[in-house]
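**Student:** Whatever this is, show me its structure:
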Amino acid sequence: GLLIDTFDAYLESLDPRSYDRLAADGLEELASVFPSLRALGAGFEEPRTAAERFRAHHAVRELIERLAVRQPLVLLFDDIHWCDGASLELLGYLLRRPAQAAVLGVTAFRPGQATPTLAATIAEGVQSGQIHKITLGPLEKGPAETLVDADPAEADRLYRESGGNPFYLLQLARSGVGPGADGDVPAAVSATIAREVDGLEPAVRRFVEAAAVAGDPFELDLAVAVAELPETEAFAALDELIARDFVRLGDVPRRFQFRHPLVRAAVYDGSSPGGRLIAHERAAEVLAARAAAPALRAHHVEQSARYGDLDAVAVLREAGKQAAER
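**Tutor:** Numbering: from 1, shown residues only. Here you go, the predicted model:
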């Protein structure tokens, strides 16, 4: 899919005579990868064995070299952490055996979501000097503000809530909502984060949803209690979430935070209403057993208290009184 998206429309626009120099078997291999070339009459059969895939990979490399003869070629592959296994295998081949031509390849991916094979291939290329690695951080305030048409106060709010992430910044600007607006999350951001959540194992998903209920930053022991997972499973889930850059280390031991408030809000909104209610109830019970301050318990009590629960009324009244005094 990655290579088809990148090349197919361009290959279809070329004069068919561009392929005259390719041997018939090479054209057949390319037709097994690119739908646009099947119209040239070459036989088509999906490469299945390791040998067939190797021949297809070699044919793609040869095609790239031929395209680069006419003029230098730049290949841009974005979000490769989401692409299919066959594309990753072909990309790995091209990284290990780069085209012998004026070709620059640029790939972008989230390290925490890269497959071990892809991460190892890139690490080898970096070590050999063949690959130059650039770690992208958040935009600074000045450049970020040039992306949105807003007055200074609104631009400042958008930058603060986006954390300098250009995707979040643009989506917040288009939707007019954010974590400060009743917890709403732009639809495009929710869809993107939902894809990440869908890729998690059930226990990891259960833990991250419990952490979203526990707060941001969240206390590890509270999240474990809310998830109702054995400690070993919960710690393994935490390690997985840190490796995927879902959550990060906090400022104090046993406290962690989501990589961005929008991530926490999207995970929270994406969990089932019934599951959230039960999770808030567990959190309220754990905090009550610890004799935690009403202000810490109030949010969970508000979300889970049953009709006629006078203890909940007392907690909310006391929390309101403490807040009013400040």
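
**Student:** in this protein, what secondary structure element scores lowest on mean pLDDT?
**Tutor:** The weakest-scoring helix or strand in the chain, judged by mean pLDDT, DSSP states H and E, is helix 24-31 (a mean of 68).

**Student:** What's the first helix or strand after that helix?
**Tutor:** The helix or strand immediately downstream of helix 24-31 is helix 50-70, counting by DSSP states H and E.

**Student:** can you state the direction angle for the following helix or strand past that following helix and helix 50-70?
**Tutor:** With elements assigned by DSSP H and E, the helix or strand that comes after helix 50-70 is strand 73-77. Using axes from the mean of the first three to the mean of the last three CA atoms, to 10 degrees, one finds that strand 73-77 and helix 50-70 are set 130 degrees apart in direction.

**Student:** tell me which residues in strand 73-77 are buried?
**Tutor:** 73, 75, 77 (16 or more other CB atoms under 10 Å). Where C-beta positions appear, they are placed from N, C-alpha and C, glycine not excepted.

**Student:** Check stretch 226-244 too.
**Tutor:** Taking 16+ other CB under 10 Å as the neighbour-count basis, stretch 226-244 is seen to contain the buried residues 226, 227, 229, 233, 234, 236, 237, 238, 240, 241, 244.

**Student:** any idea which of the residues you listed is closest to residue 258?
**Tutor:** Distance to residue 258, by CB to CB, is smallest for residue 241 among the buried residues of stretch 226-244, at 9.1 Å.

**Student:** Now do the same for the one helix or strand residue 195 maps to: mean pLDDT, whole number.
**Tutor:** Assigned by DSSP H and E, residue 195 belongs to helix 187-198. Throughout helix 187-198, pLDDT has a mean value of 88.

**Student:** Can you give the distance of that helix from its chain's centre?
**Tutor:** Distance of helix 187-198 from its chain centroid, counting by CA atoms, centre = their mean, to the nearest Å, is 8 Å.

**Student:** do stretch 120-133 as well
**Tutor:** 22 Å.

**Student:** Same check on stretch 280-296?
**Tutor:** 32 Å.

**Student:** Okay, strands next: where are they in the chain?
**Tutor:** 73-77, 103-107, 218-219, 247-249, 255-258 (DSSP state E).

**Student:** I'd like these written out as TSV, with mean pLDDT and distance to residue 156 added.
**Tutor:** Shown next, in TSV, are the strands of the chain (pLDDT from 0 to 100; distance: least, CB to CB, whole Å):
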stretch	mean pLDDT	distance to residue 156
strand 73-77	91	32
strand 103-107	91	32
strand 218-219	94	27
strand 247-249	92	24
strand 255-258	94	22
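
**Student:** can you list the weak-confidence ranges in the protein?
**Tutor:** 16-26, 39-48, 176-183 (pLDDT under 70).

**Student:** hmm, 80 instead?
**Tutor:** By pLDDT under 80, the weakly predicted segments of the chain are 14-29, 31-32, 36-52, 111-115, 117-118, 176-184.

**Student:** Please convert the strands of the chain to TSV, extending it with distance to residue 139.
**Tutor:** As requested, these are exported to TSV (distance: least, CB to CB, whole Å):
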stretch	distance to residue 139
strand 73-77	20
strand 103-107	19
strand 218-219	27
strand 247-249	19
strand 255-258	19
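
**Student:** what about those strands, which gets the closest to residue 265?
**Tutor:** strand 255-258 (8.8 Å).

**Student:** so how far is that closest one from its chain's centroid?
**Tutor:** For strand 255-258, the distance to the chain centre is 17 Å (CA atoms, centre = their mean).
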